[in-house]
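> whatever this is, show me its structure:
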Amino acid sequence: MADASTKRAPSESAEEAAGNGTGSLEELRHLILAPEQEALDRLQQRVADPQSRTADVSDVVAEAIQLRREQDGDNALRDALAPTIESSLRESVRKDPAAIADALFPVMGPAIRRSILETLRAFLESFNQVMEQSLSWQGLQWRVEALRTGRRFSEVALLHSLVFRVEQIFLIHKKTGLPLGHAVAPAVATEDPSLVSGMLSAIQDFVRDSFHTPSDQGVGRMNVGDLDVWIEHGPQGSLAAVIRGIAPHDLRDRLAETLEAIHRQYAAELERFDGNTGAFQSVNPILAQCLEARYKQGAPRRGRRYVWATAGVIVLLVGGWIGWRWWQYHRWSELVSTLREQPGIVITSFGREHGRFAIRGLRDPLAADPAEFVKDATLDPKSAAFHWGAYYALDDAIVAKRATAELAPPQSTVLMVENGTLLPRGNAPPIWISDLKRRALEIPGIRAVDFSHLAIEDTAAFGIARHEIMNTVITFPLGSPELSAADVASLRTVAPTLQHLFVPPDGHADTILEVVGHTDSSGAELINESLSQRRAEQVARMLAKLGVPETSLRVKGVGTAQPLRPDDSEENRRLNRSVTFLVPVPQSE
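Numbering: from 1, shown residues only. As a prediction, the model looks like this:
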């Protein structure tokens with residue numbers, strides 16, 4: 001009833017108003033102001049509704065912050081937002097610390113390592129000061145090395161412990177314990193990566209269960225005999241490095257950096273890993289970069305000059321030793337070449353044995369003594385050993401010596417050998433000639449005997465004169481064909497004796513006096529032959545001046561072919577530089 005009365009009131013009032021003439025005015029106002037009134041009502045309702053205000057602010061909050069920053073309101077904006085952000089971060093860490101750790105893992109590692117490096121640098125400085133006070137023997141040795149190489153003493157001390165080798169690297173999925181990658185150093189024996197990763201995961205689980213450690217923590221290092229296993233943990237995976245020796249601490253930084261890089265590159269694959277390792281085939285080259293082997297770093301440039309100087313001294317010493325060895329070998333080679341030219345000596349081998357020269361060959365008993373050649377060459381006889389085998393040489397000079405030793409010819413007879421034919425020259429008693437015919441061919445090297453220059457001894461006066469002249473020896477200085485005053489006097493003394501050779505009745509008009517020139521073995525053979533010829537000609541000219549018929553003189557230079565004595569001493573060489581005489585005995589009819 002009340003409602004009805006209420007509803008009717010407007011109509012009554014309208015009618016009343018119409019009756020009064022105001023109804024039309026109200027209707028007109030309603031038509032004009034109704035839209036604005038409705039808009040104001042909606043605006044009031046929106047302002048009063050918190051959800052509507054939040055939606056409106058979210059549409060412009062970014063632009064508002066940017067505008068505030070542009071209006072130089074950084075400090076005010078920071079002061080306004082800092083409490084809220086700090087409170088939110090603190091609450092988030094309290095509720096789920098793993099999420100924050102996983103989010104900060106890629107950036108916290110470098111920051112922490114930088115801080116550690118600064119701390120370690122300060123530690124090295126203090127360590128250097130402490131070590132500088134050390135006077136131990138090892139410390140002194142390291143200090144000498146620091147001065148030689150130009151490094152700081154602390155670095156040298158630490159480098160002596162940096163000997164290690166990373167043999168294997170494992171990438172293990174943290175939740176499943178399956179191996180995702182495996183890198184092995186060369187020549188390292190390996191086991192199945194699945195077994196190793198399973199073992200490491202089992203150890204990690206056992207440690208967490210036994211000591212109630214958080215899931216993001218675990219064993220960081222294990223020792224297995226001579227091997228160390230370093231384990232670096234990450235949100236989704238772990239790196240295990242098998243190390244032999246003592247590794248530096250910066251290796252753990254390398255492992256951490258590698259693990260961070262793998263988490264950045266394979267974040268999605270690690271999160272969705274379902275046991276299929278195909279997505280991680282390219283991770284092994286990244287792991288291989290951690291297979292490091294460090295032994296001893298090289299010296300800096302400033303210290304290399306000592307190394308080069310030492311190397312230069314060693315090269316000079318080795319070069320000098322090699323040069324001295326070569327010079328000794330060269331001198332002994334020349335001696336061997338000289339021995340090869342000697343009659344009665346055959347060299348079969350020459351070389352070094354047990355630090356000495358060894359000369360092996362054959363030597364006739366009548367050949368020259370090699371020790372005399374060693375002495376003449378001023379070589380040390382103790383630095384060589386001779387090994388001779390005995391044999392009979394067939395050289396004409398050796399055969400002549402052998403025949404002289406075996407047949408013992410008289411002083412009036414000279415034995416010569418040419419191409420195996422014995423040539424006795426001079427005169428001899430009949431009994432010796434008979435013995436010569438019987439024994440000559442039994443001597444090794446003699447194949448025939450030529451008696452054309454051998455005569456039976458003649459009259460006593462002729463024989464005496466012949467013997468005297470054949471025993472006369474005119475000597476000459478080394479390399480000279482000129483007669484000395486003493487030699488001229490000797491020829492004047494022997495001139496009367498020659499009358500018994502050329503003047504009857506004791507002499508024979510057809511007697512020939514052979515003037516034979518000789519030289520010692522020094523010098524070239526061609527020069528010696530020419531020199532011996534000139535010596536014989538000089539003596540022949542002097543004899544002609546002294547009255548010896550030139551038609552009875554025969555000049556002959558034999559060089560070194562017919563030595564009077566073995567050319568093994570200075571006295572014998574002096575006698576070999578001479579002119580001798582041969583007087584063949586006229587053949588009896």
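
> quick one, longest helix in this protein?
Secondary structure of the chain per DSSP state H: the longest helix is helix 301-341.

> for that one, packing partners?
Contacting helix 301-341 under the criterion 3 or more C-beta pairs under 8 Å, 6 or more residues apart in numbering; DSSP states H and E are the following elements: helix 137-149, strand 345-353, strand 356-363, helix 370-376. For glycine as for every other residue, the C-beta is placed from the backbone atoms N, C-alpha and C.

> need those in CSV with distance to residue 246, can you?
As requested, those are arranged in CSV below (distance: least, C-beta to C-beta, whole Å):
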stretch, distance to residue 246
helix 137-149, 16
strand 345-353, 48
strand 356-363, 50
helix 370-376, 62
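
> rank those by mean pLDDT and give me the bottom one.
Ranked by mean pLDDT, those bottom out at helix 137-149, which scores a mean of 72.

> can you map out the strands along the stretch 101-250 of the chain?
For the stretch 101-250 of the chain, the strands identified by DSSP state E, counting those that start in this stretch occupy 163-173, 179-184, 221-224, 227-233, 237-246, in order along the chain.

> got the angle for the last one vs strand 179-184?
Using axes from the mean of the first three to the mean of the last three C-alpha atoms, to 10 degrees, the inter-axis angle of strand 237-246 relative to strand 179-184 is 20 degrees.

> can you show me the CA trace of strand 237-246 as CSV?
Taking Å, rounded to 0.1, in the frame of the first residue of the first chain, the C-alpha atoms of strand 237-246 are listed here in CSV:
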residue,chain,number,x,y,z
GLY,A,237,74.0,-31.0,-14.1
SER,A,238,77.5,-31.6,-12.6
LEU,A,239,81.0,-31.8,-13.9
ALA,A,240,83.4,-34.5,-12.6
ALA,A,241,87.1,-34.1,-13.5
VAL,A,242,89.5,-37.0,-13.0
ILE,A,243,93.0,-35.5,-12.2
ARG,A,244,96.4,-37.1,-11.8
GLY,A,245,98.9,-35.0,-9.8
ILE,A,246,98.4,-31.6,-8.0
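
> from the contact counts, what lies against the next helix or strand after that strand?
Proceeding C-terminally, strand 237-246 gives way to helix 250-265 as the next helix or strand, assigned by DSSP states H and E. Secondary-structure packing of helix 250-265 (3+ C-beta pairs under 8 Å, 6+ apart): helix 97-132, strand 163-173, strand 227-233, strand 237-246, helix 284-288.

> ok so, going back, in CSV, list the helices and strands packed on helix 301-341 along with distance to residue 538 and mean neighbour count.
Rendered in CSV, the data for the helices and strands packed on helix 301-341 read as follows (distance: least, C-beta to C-beta, whole Å; neighbours: other C-beta atoms under 10 Å):
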stretch, distance to residue 538, mean neighbour count
helix 137-149, 76, 14
strand 345-353, 35, 15
strand 356-363, 38, 18
helix 370-376, 29, 15
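
> so what's the gap between the strand or helix carrying residue 541 and the chain middle?
With the criterion set as DSSP H and E, the secondary-structure element containing residue 541 is helix 525-545. Between the centre of helix 525-545 and the centre of its host chain there is 64 Å, according to C-alpha atoms, centre = their mean, to the nearest Å.

> flag every buried residue along that helix.
Residues of helix 525-545 classed as buried by neighbour count (16 or more other C-beta atoms under 10 Å): 528-540, 542-543.

> for stretch 42-55, C-alpha coordinates in CSV please.
Taking only C-alpha atoms (Å, rounded to 0.1, in the frame of the first residue of the first chain), the coordinates of stretch 42-55 have been written out as CSV:
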residue,chain,number,x,y,z
ARG,A,42,29.5,5.4,-14.0
LEU,A,43,32.7,7.4,-13.2
GLN,A,44,31.8,7.5,-9.5
GLN,A,45,31.2,3.8,-9.6
ARG,A,46,34.6,3.1,-11.3
VAL,A,47,36.5,5.3,-8.8
ALA,A,48,34.8,3.5,-6.0
ASP,A,49,35.7,0.0,-7.4
PRO,A,50,39.4,-1.1,-6.5
GLN,A,51,39.6,-3.7,-9.3
SER,A,52,38.8,-1.0,-11.9
ARG,A,53,41.4,1.4,-10.5
THR,A,54,44.1,-1.4,-10.6
ALA,A,55,43.3,-2.2,-14.2
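
> contacts for that stretch?
Surrounding stretch 42-55, the residues in contact under the criterion C-beta atoms under 8 Å, 6 or more residues apart in numbering are residue 56.

> for the record, mean pLDDT for that stretch?
The average of the pLDDT scores along stretch 42-55 is 75.

> stretch 541-553 too?
85.

> measure it end to end?
The distance separating the two terminal residues of stretch 541-553, taken as C-alpha to C-alpha, to the nearest Å, comes to 10 Å.

> list the contacts of it.
Residues from elsewhere that reach stretch 541-553 (C-beta under 8 Å, 6+ apart): 483, 488, 491, 492, 495, 498, 502, 511, 512, 513, 515, 540.

> how close does residue 265 get to residue 518?
102 Å (C-beta to C-beta, to the nearest Å).

> neighbour count: these two, which is higher?
A side-by-side neighbour count of residue 265 and residue 518, using other C-beta atoms under 10 Å, places residue 518 first with 26 against 13.

> so the more buried one makes contact with residue 567?
No. Proximity of residue 518 to residue 567 does not meet the contact threshold set by C-beta atoms under 8 Å, at 10.3 Å.

> sec struct for residue 274, please.
coil (DSSP: H, G, I helix; E, B strand; the rest coil).

> if I pick residue 561, what's in contact with it?
Contacts here follow C-beta under 8 Å, 6+ apart; on that basis residue 561 touches residue 397.

> what strand or helix carries it?
With elements delineated by DSSP H and E, residue 561 resides in a region that no helix or strand encompasses.

> let me see the backbone angles for it.
According to degrees, to the nearest 10, the main-chain angles of residue 561 amount to phi -70, psi -30.

> distance of it from residue 223?
Computed as C-beta to C-beta, the residue 561 to residue 223 distance reads 91 Å.

> over to residue 415?
Per C-beta to C-beta, residue 415 is found 97 Å from residue 223.

> where does the prediction get shaky in the stretch 451-589 of the chain?
Judged against pLDDT under 70, the low-scoring parts of the stretch 451-589 of the chain cover residues 456-463, 499-510, 585-589.

> change it to 80
Confidence mapping of the stretch 451-589 of the chain against pLDDT under 80 gives the ranges 455-467, 495-511, 584-589.

> could you pull out the helices for it?
Secondary structure of the stretch 451-589 of the chain (DSSP state H, counting those that start in this stretch): helices at 460-470, 485-502, 525-545, 570-576.

> list the buried ones in the last one?
Across helix 570-576, burial judged by 16+ other C-beta under 10 Å covers 573, 575, 576.

> residue contacts, the second one?
When the contact criterion is C-beta under 8 Å, 6+ apart, the partners of residue 575 are 473, 475, 564, 565.

> my read is that the third one contacts residue 574, right?
No. With contact defined as C-beta under 8 Å, residue 564 does not count as touching residue 574 (10.1 Å).
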